[in-house]
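> Predicted model, plus sequence, below.
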Amino acid sequence: MMIIEEIMNKDVHSLAPTNTVKDAIVLMREKKIRHIPIVEQTGKVVGIITAHDLKNILPSTIKSDLNLTTYETPLENIMVKNPLIGHPLDFIEEVALTLYDSKISSLPIVTGGRLVGIVTTTDLLYTYIELTGANKPSSKIDIRVTDKPGILSDITEVFKMHHANVLSVLVYPSTKDEESKIVSVRVQIINPLSIIEDLRKQGFDVLWPNLPGVDLS
Amino acid sequence: MKNAVFIYSPEQLGYKFSDSHPFNHKRLLLTMDLLKNINALNDEDIIPARVATDEEIALGHDEKYIEIVKKAGHGLLTPEQGENYGIGTEDTPIFSNMHEASALLVGSTLQAVDYVMQGKSRHALNLGGGLHHGFQGRASGFCIYNDSTVAIRYMQKKYNARVLYIDTDAHHGDGVQWAFYDDPNVCTLSIHETGRYLFPGTGNVTERGNGQGYGTSFNFPIDAFTEDESYLEIYEQAVREVFEYFKPDVVITQNGADAHYFDPLTHLYGTMKIYQEIPRLAHKLAHEYCGGKWIAVGGGGYDIWRVVPRAWSYIWTEMNDLPLPTGPLPKAWLEKWQPDSPVPLIPTWEDPSPLYDPIPRKLEIEEKNAQMLTKALHMIRAEKR
């Protein structure tokens, strides 16, 4: 499984505790980001500021008077101190679970006491999009199988017989019953009919094609 | 000036993988014979195909890939060597002289382009073309060379034209889209069954182009089981608004006929009605925006007996301002081809009604498609305001 190092944003935009709210607003606007790690000169992460935090302390956007004292507030006064951090070798699933459980939306990545990257929920979502999506031309075949050993091998044997290149395989629980699982295969072929026919001949429950929402899982 | 020319040579039938392969250019014969039987097509309308040169094919493909295709067709390539190029797969098996056959289909579309761009004919039809899945260095989805990609580059280079490409094949027109993804002077529009299950899986509304070309790729992925009304609502609004927005010099339409209920490879529920309307609007808008310059190519279509001949005939009758053929099909045509067909032919131009049982979630599918349309056209609608 992938580790965070492979998907994290290495070009991190950070600020110092002495920088001001105004600096943070400008940086978020310029770089189109929503999270800024607050870093000491040594590179140590001491806090984090999110766009959400800034919205809470700023007056209505109807006024745009940048001389208000709020804008000059140092970030150390309002930042979330000692935020959760991650390591470049963390597994992606672990990080996803951390973000989900702690209800936070980003994780600064630290190694050797220094900030080296940041991962946000958007990055994780993109990783999952890549896992399930079509990066190369392919058809998708969904098969409902009994949850027992050896099934995947029986299925892939059929694809092998047809010299069909399998791009991705997802196995997930069926929402209908606990005894079965759905195997979802992306295969580099425009005409999957003969594969489907062979799968059915071997007794597999091919769910494709199906009526949307009527027969799936 | 002629209204339209029909590009055809018997050698186009040489693009043939095997007897049992779903991509079968016998469709061309069936369509031409049907048109001749209703006296819509005469020998003087037919312009022979030509072979595209290697240099022309290289407008859309890597030279290395062209060499691989040549070798494959001359028996000089092992299946393993072809694998990286999508050649010798179940979709695109090796066949004898496959380069020559593919180069002829590309040349046919170039022939169509030259007739239109040199003002010899207002419109031109090459049903042998429309191989929209072909990639720069790889065969994909039954397609070896991408005649539309080559033709569009050819039009840019030779005629400095701003080109709109409209693809109504049930599969996403990925090869053409990716070829011009960065190019602001070519606009690609594809209406297709969503890639959730169907090949090639791409063609999401969010694919809008890249860099300079951002905003010149349009995708309209419609749900499986979409029927005529919803299909045509999407088609008419999408095509009208994109024409108005992009203002092309010339339009090339890809006319895959696989969105029909009978098509074995896809799950759309179109009937002959969509094939009456598709060329009608393309024709009208070509006159409004492009001084009539309209090139039409074929594409997918895997029910070659019951669907493709009727569907493709409508393109030709539309190009020639002939009245829409209705009623019974010519008896001679039915009698000639029924013995070869594995299924009973449909005896009329119209499909029987009803063609299929009602779809359980029809209204939701229509609603979902309408939402998709709004998302896909959001940018150009916002710009107009």
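Structure received. Residues are numbered from 1 along each chain as shown, chains lettered A, B, ... in the order given.
> for the chain, what spans make up the strands?
In the absence of a named chain, chain A is used. A:35-39, A:45-50, A:80-81, A:106-111, A:114-120, A:139-146, A:166-173, A:180-187, A:205-206 (DSSP state E).
> my bad, the chain I had in mind was chain B
Going by DSSP E, chain B shows strands at B:2-7, B:46-47, B:121-126, B:163-167, B:186-193, B:217-222, B:250-254, B:294-297.
> Nearest to B:Asn320, out of those?
Nearest to B:Asn320 among the strands of chain B is strand B:2-7; the distance by C-beta to C-beta comes to 5.1 Å. From N, CA and C alone the C-beta is placed, and that goes for glycine too.
> Tell me the buried residues in the helix or strand bottoming out on mean pLDDT in chain A?
One helix or strand of chain A scores below all others by mean pLDDT, DSSP states H and E: helix A:121-132, with a mean of 86. Using 16 or more other C-beta atoms under 10 Å in any protein chain shown as the test for burial, helix A:121-132 gives A:Thr121, A:Asp123, A:Leu124, A:Thr127.
> Touching, the third one and A:Thr98? I think so.
Same thing as A:Leu124. No. A:Leu124 lies out of contact with A:Thr98 (C-beta atoms under 8 Å); the separation is 10.4 Å.
> could I get the strands of chain B as TSV with mean pLDDT, distance to A:Gly43 and mean neighbour count?
Formatted as TSV, those follow (pLDDT from 0 to 100; distance: least, C-beta to C-beta, whole Å; neighbours: other C-beta atoms under 10 Å in any protein chain shown):
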stretch	mean pLDDT	distance to A:Gly43	mean neighbour count
strand B:2-7	97	67	21
strand B:46-47	98	71	18
strand B:121-126	98	64	28
strand B:163-167	98	52	28
strand B:186-193	98	47	27
strand B:217-222	98	43	26
strand B:250-254	98	56	27
strand B:294-297	98	59	30
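> Contacts only, for the closest residue to chain B within chain A.
Chain B sits closest to A:Ala134 of chain A, with a gap of 2.5 Å, by C-beta to the nearest C-beta. Residues in contact with A:Ala134, defined by C-beta atoms under 8 Å, 6 or more residues apart in numbering or on different chains, are A:Lys140, A:Leu167, A:Arg186, B:Gly195, B:Pro200, B:Gly201, B:Thr202.
> again, 6 Å this time
B:Gly195, B:Gly201, B:Thr202 (C-beta atoms under 6 Å, 6 or more residues apart in numbering or on different chains).
> what's near enough to touch the first one?
For B:Gly195, the contacting residues are A:Ala134, B:Gly201, B:Thr202, B:Gly203, by C-beta under 6 Å, 6+ apart.
> Distance of the third one relative to B:Lys71?
Just to be clear, that refers to B:Thr202. 29 Å (C-beta to C-beta, to the nearest Å).
> More neighbours: which of the two?
B:Thr202 (23 against 18; other C-beta atoms under 10 Å in any protein chain shown).
> Next one, pLDDT for the more buried one please.
The model reports B:Thr202 with a pLDDT of 95.
> just to revisit the earlier point, tell me the spacing between the residue of chain A closest to chain B and A:Ser168.
Distance, A:Ala134 to A:Ser168, by C-beta to C-beta: 9 Å.
> do B:Ser353 as well
41 Å.
> Look at those two and report which has more neighbours.
A:Ser168 (17 against 7).
> Neighbours of whatever residue of the stretch 101-250 of chain B ends up closest to chain A, how many?
Using C-beta to the nearest C-beta, B:Gly201 is the residue of the stretch 101-250 of chain B that sits closest to chain A, at 2.5 Å. Residues contacting B:Gly201 under the criterion other C-beta under 10 Å number 24.
> A:Ser138 is in contact with that one, correct?
Yes. Using C-beta atoms under 6 Å, B:Gly201 is in contact with A:Ser138, at 5.1 Å.
> Point to the residue nearest the middle of chain B.
Nearest residue to the geometric centre of chain B (C-alpha atoms, centre = their mean): B:Gln254, 2.6 Å.
> List the residues that contact that one.
Per C-beta under 6 Å, 6+ apart, neighbours of B:Gln254: B:Gly130, B:His132, B:Asp167, B:Asp169, B:Val297, B:Gly299.
> ok, the fourth one touching B:Ala259?
No. Contact status for B:Asp169 versus B:Ala259: not in contact, 7.6 Å apart, counting by C-beta under 6 Å.
> and the two? which has more neighbours close in?
Of the pair B:Asp169 and B:Ala259, B:Ala259 is the one with more neighbours under other C-beta under 10 Å, namely 31 against 25.
> measure A:Glu93 to A:Lys10 for me?
In terms of C-beta to C-beta, A:Glu93 sits 21 Å off from A:Lys10.
> State the number of residues packed around the residue lying closest to B:Val250 once chain neighbours are set aside.
Excluding its sequence neighbours, the residue lying closest to B:Val250 (C-beta to C-beta, 6 or more residues apart in numbering or on different chains) is B:Lys293, at 4.1 Å. If you count neighbours by other C-beta under 10 Å, B:Lys293 ends up with 25.
> what are the phi and psi angles of B:Lys293?
Here is the backbone geometry of B:Lys293 (degrees, to the nearest 10): phi -70, psi 110.
> The residue of chain A closest to chain B: what's its closest spatial neighbour, skipping adjacent residues?
Closest to A:Ala134 by C-beta to C-beta, 6+ apart is B:Gly201, at 2.5 Å.
> how much space between the one you found and A:Leu131?
B:Gly201 is 13 Å from A:Leu131, by C-beta to C-beta.
> and what of B:His99?
Distance, B:His99 to A:Leu131, using C-beta to C-beta: 37 Å.
> again with B:Lys16
38 Å.
> do B:Gly107 as well
For B:Gly107 relative to A:Leu131 (C-beta to C-beta), the value is 42 Å.
> go on, A:Leu54?
33 Å.
> repeat for B:Gln177
23 Å.
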